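> Sequence first, predicted coordinates after that:
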Amino acid sequence: MPIHLKIVTAEREIFADDVDLVSAPTRDGRVGILPRHAPLLTILTSGELDIVKDGVRTPFAVSGGFMEVLPTKITILADTVERADEIDEARAQQAVRLAEEGRAAAQSERDMELAEAKLRKEMARLQVARLKEISRRQGR
C-alpha cells in the first residue's frame, strides 16, 4: 500500500504521486517515511530528498521548508526543490565555489550563518546532480 506524496513550492507543484518511501533531511536528521507512518510535522533543511517508487529511487535537491506526514499522505512545502535532471552539474560546481568564497569573506557571525546555509544548499544541488550522472552511466 503506497502513500501519496505531494511536493510544492510557492511557484509550482513539483511532484504528486503514490510512492513507497520518502527519505528527507530534517533539523533532527534524516527521516524515512513509509505508508501508515505516525503523524508528523517537521522542518526540512537543505539536502537530498529521496523518493522510492516501485524500487526506483529518484533524488531531489531541497532547501528548506516543511513536511507534514499523515497516515495516507505526505505534503512537502519546500523553499526550493529541483529534480536531478533540472540541475546542471557545472553550474552547481560554480555555485559551490561562489558560496565557499562568500563564506571566506564573511565579516560577521550573521554573514557566516547565511554563507554556510548557502553553501549547504549548493552542496546538496551538486550532490543530486552527480547522482543523476551516476544513474545515467549505470543505464537507469
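Looks like it came in fine. Numbers count the residues shown, from 1 in each chain.

> Give me the pLDDT for V19.
With respect to pLDDT, V19 scores 97.

> can you give me the strands in the chain?
Assigned by DSSP state E, the strands in the chain fall at 3-8, 13-19, 21-26, 29-33, 40-53, 56-70, 73-78, 81-83.

> Spatially nearest residue to the residue sitting nearest the centre point of the chain (excluding sequence neighbours)?
Nearest to the mean C-alpha position of the chain, by Cα atoms, centre = their mean, lies V62 at 2.6 Å. Distance criterion Cβ to Cβ, 6 or more residues apart in numbering; nearest residue to V62, sequence neighbours excluded, is L49 at 4.4 Å. (Glycine included, C-beta is placed from N, CA and C.)

> give the contact list for that neighbour.
By Cβ atoms under 8 Å, 6 or more residues apart in numbering, the residues touching L49 are I7, V22, S23, A24, P25, P59, F60, A61, V62, I76, V81.

> residues near the second one, how many?
Right, the one you point to is V22. 22 (other Cβ atoms under 10 Å).

> domain ranges for this protein?
3-83, 85-137 (automatic domain parsing).

> who touches the residue lying farthest from the centre of the chain in this structure?
The centre of the chain is farthest from one residue, Q107, which by Cα atoms, centre = their mean lies 28.9 Å away. If you count contacts by Cβ under 8 Å, 6+ apart, Q107 has none.

> ok, now how distant is it from A115?
As judged by Cβ to Cβ, to the nearest Å, Q107 and A115 stand 10 Å apart.

> Lowest mean pLDDT among the helices and strands, pick that one out for this protein.
For the chain, using mean pLDDT, DSSP states H and E, the weakest element among its helices and strands is helix 109-137, scoring a mean of 81.

> in that one, what's buried?
For helix 109-137, the buried set under the neighbour-count rule, 16 or more other Cβ atoms under 10 Å, comprises 115, 117-132, 135.

> what distance separates it from the middle of the whole chain?
Taking Cα atoms, centre = their mean, to the nearest Å, the mean C-alpha location of helix 109-137 is offset from the chain mean by 10 Å.
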